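J.: Next one to model:
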Amino acid sequence: MGGRRSPLEAGVPCQAELWGDLGVFEEDEELEGFRREAEVLREKLREALSHTSGNIRQSSSLTDLTSDSTWDQQKPHLFPKCHLRPKSASSPWIPSITIPQPFQMTLREARKKSELMKSYMFLELDKQRDKRQSQDEAECQKQFRAQPVPAHVFLPLYQEIMEQNEIRRQAATQKRKELLLSTQRPFSFLEKEEKKKEAIRQKFLAAATPNESSKQKQASKKVPKSTYDSLLGDKLKEAELYREIRIQMRAKDLLKSSVAPIDTSNCRREPQSRTATRTKQERLGFLQDRSFSFKPRINPTIPDFEELYWAFQRKTARRQEIKEPTRNKPFKLRTSNLHARQRQANEKIKDSQKLSKVSVQKSHSLPGLSSLSSNTLPVHITDATRKRESAIRYAQDSKKEGDKEGIYWLEKQKMKCQAMQKSLNSRAKALDPHKSLEETQKEKSKQIRQNMQDRTKEYRKELEEMQLRVKNRPFLFEQVTKHGARQGAECRYRRTLQQVGLSEEFVRKKGKDATDLLGEESDVHRQITECQMKTLT
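T.: Residues are numbered from 1 along each chain as shown. Below is the predicted model:
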């Protein structure tokens, strides 16, 4: 015990070394924490020294601290001599604890980590700086050039072309109008139309003039007929047209005389072109002039179109011409009166009568035969007529057969197209992953109904289980009595085991071994019976 040092003496070199390391690595927070912990421990040890006395067995950690005497001898100047423990046998032993020190490996790893982080940050900054410099150099190398003057600046103005086209169109319209007026001829019922117009005009004037009294009426002069003459309206229109032509020609002359050379320096056009402003003025100019010359007269009555339609139908039905049907008249050929052909004519008449009877019996398409009277004379039918009729009949039959074949072919093609369309639709549905809205809606509704049914079934099942559980559960007093009986039986079982000197684990282990032996015996017995059955078979 004399050669051992006190805990404070052993901890002072470690503290000095720790301070030295902290002086080197002041940025490390963990080392600073170690220093604070060492100070706290030193204060606690000082308090413990004042209250404790006697020798206590030294811990294994103090042996490590005391064994490092060479380190204390090498660095005696790091701590004062007053703190050195006296090497006497009578001095009391001072307890201490191991002061933790950071390993060089952890310090080295922390230093490497900080250096790696710094190097990574410097690399990122260098990359960003190089990228910015390359962008600046590429931007500086760009050459800016002014664009040439567009070609449309040197072309004639669009407005001039449009004005020339408008003048040409108006001149052609005027020529066509004059040609039509020159070819016009007055009709015979112009006077009647003028009288009707005059009567309608008088009626409207009478309805428009207010009646001050039923006896006294204002006597107004009639409007002269020359005012409503069609020639006067034509003259006014012609004068207006000449005026517009003069205005356009004057504007064109002024524009030609006031045109200046195009200034290529001012290439920018106005935000709103002259064509747009002029079109706007032409379209919306009537809004500025409030004194409108034209005042239409509106008929307030609404015609009954349905009644007018039926009246027109009745009128056309009355005017419709009905042609009378052609009536068949019997005729008599005089060739049968000749003596040389008398016998031949009689034979031909008989043959024709037989053929007519056969044709009447076979075909129902001759309604005129039944309407003939008994006084009609038989008609002589020649060979050419019979051949013509047979040819016509053959042509009609062939035409009917051709029509039937065409109808059959069309039906066959239609059925083939329908079958092909069905197969194509089925293949398209099979290949197309998308489904129609109707199918998806049906599937969703079906799935929702199925989910609702499943939920209701689960809910009912849970309710039944709950009811069954509640029904089968014993009453509370029964549960209490059963619990008490079980606890009493367990207590008696433990008491008997303690009296005998056995433990629960021993009994459980022996019972488990017995069950295993019984299982093995049952397996062996089963195997023996199987072998006996096999030998018997």
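J.: and Arg449, what helix or strand is that in?
T.: helix 437-472 (DSSP states H and E).
J.: Ok, Glu321 next?
T.: Counting by DSSP H and E, Glu321 is found in no helix or strand.
J.: And the helix holding Arg449, what's buried?
T.: Using 16 or more other Cβ atoms under 10 Å as the test for burial, helix 437-472 gives no buried residues. Every residue, glycine included, has its C-beta placed from N, CA and C.
J.: Following the chain past that helix, name the next helix or strand.
T.: By DSSP H and E, the next helix or strand past helix 437-472 is helix 476-500.
J.: list the helices and strands whichever helix or strand comes after that following helix packs on?
T.: As assigned by DSSP H and E, the chain's next helix or strand after helix 476-500 is helix 504-536. Here helix 504-536 is seen to pack against helix 476-500 when contacts are counted using 3 or more Cβ pairs under 8 Å, 6 or more residues apart in numbering; DSSP states H and E.
J.: what residues does the helix it packs on touch?
T.: Under the criterion Cβ atoms under 8 Å, 6 or more residues apart in numbering, residues 474, 503-504, 507 lie in contact with helix 476-500.
J.: Just flag the most distant two among those residues.
T.: Among these, the pair separated by the greatest distance (Cβ to Cβ) is Pro474 and Ser503, at 33.4 Å.
J.: low pLDDT regions in the stretch 251-400 of the chain?
T.: 259-273, 285-292, 335-348, 350-380 (pLDDT under 70).
J.: just the helices in it please.
T.: Per DSSP state H, counting those that start in this stretch, the stretch 251-400 of the chain has helices spanning 274-284, 305-319, 342-362, 368-371, 383-431. These are given in chain order.
J.: Out of the ones you listed, the one nearest Thr183 is which?
T.: Of the helices of the stretch 251-400 of the chain, nearest to Thr183 by Cβ to Cβ is helix 305-319, at 31.8 Å.
J.: buried residues in the closest one?
T.: Buried residues in helix 305-319, counting neighbours by 16+ other Cβ under 10 Å, are absent.
J.: how about it as PDB, C-alpha atoms only?
T.: Taking Å, rounded to 0.1, in the frame of the first residue of the first chain, the C-alpha atoms of helix 305-319 are listed here in PDB:
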ATOM      1  CA  PHE A 305     -98.600  29.100 -90.800                       C
ATOM      2  CA  GLU A 306    -100.500  25.900 -90.300                       C
ATOM      3  CA  GLU A 307    -103.800  27.400 -91.600                       C
ATOM      4  CA  LEU A 308    -102.000  28.900 -94.600                       C
ATOM      5  CA  TYR A 309    -100.500  25.500 -95.300                       C
ATOM      6  CA  TRP A 310    -103.800  23.700 -95.300                       C
ATOM      7  CA  ALA A 311    -105.400  26.400 -97.400                       C
ATOM      8  CA  PHE A 312    -102.600  26.000 -99.900                       C
ATOM      9  CA  GLN A 313    -103.100  22.300-100.000                       C
ATOM     10  CA  ARG A 314    -106.900  22.700-100.600                       C
ATOM     11  CA  LYS A 315    -106.200  25.200-103.400                       C
ATOM     12  CA  THR A 316    -103.700  22.900-105.100                       C
ATOM     13  CA  ALA A 317    -106.200  20.000-104.800                       C
ATOM     14  CA  ARG A 318    -108.900  22.000-106.500                       C
ATOM     15  CA  ARG A 319    -106.600  23.100-109.300                       C
END
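J.: Could you number the chain from 29 rather than 1 from now on?
T.: From this message on, residue numbering opens at 29, which makes the last subject helix 333-347.
J.: Can you name the residues in contact with it?
T.: Contacts for helix 333-347 (Cβ under 8 Å, 6+ apart): none.
J.: Report how many residues lie close to Tyr436.
T.: Using other Cβ atoms under 10 Å, Tyr436 is surrounded by 10 other residues.
J.: quick one: pLDDT of it?
T.: pLDDT for Tyr436: 90.
J.: before we move on, what about the one 3 residues further on?
T.: In the predicted model, Glu439 carries a pLDDT score of 90.
J.: Same question for Glu137.
T.: The model's pLDDT for Glu137 equals 87.
J.: what do you get for the one 4 residues further on?
T.: At Lys141, the predicted lDDT confidence score is 82.
J.: Can you report how many residues lie near it?
T.: There are 10 residues near Lys141, going by other Cβ under 10 Å.
J.: Also Leu545?
T.: 10.
J.: tell me the contacts of it?
T.: Contacts of Leu545 (Cβ under 8 Å, 6+ apart): none.
J.: Most neighbours among the contacts of helix 504-528, which one is it?
T.: The most crowded member of the contacts of helix 504-528, judged by other Cβ under 10 Å, is Val535 (13 neighbours).
J.: I'd like the helices of the stretch 279-428 of the chain as CSV, with distance to Ser550 appended.
T.: Formatted as CSV, these follow (distance: least, Cβ to Cβ, whole Å):
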stretch, distance to Ser550
helix 302-312, 109
helix 333-347, 105
helix 370-390, 105
helix 396-399, 113
helix 411-459, 60
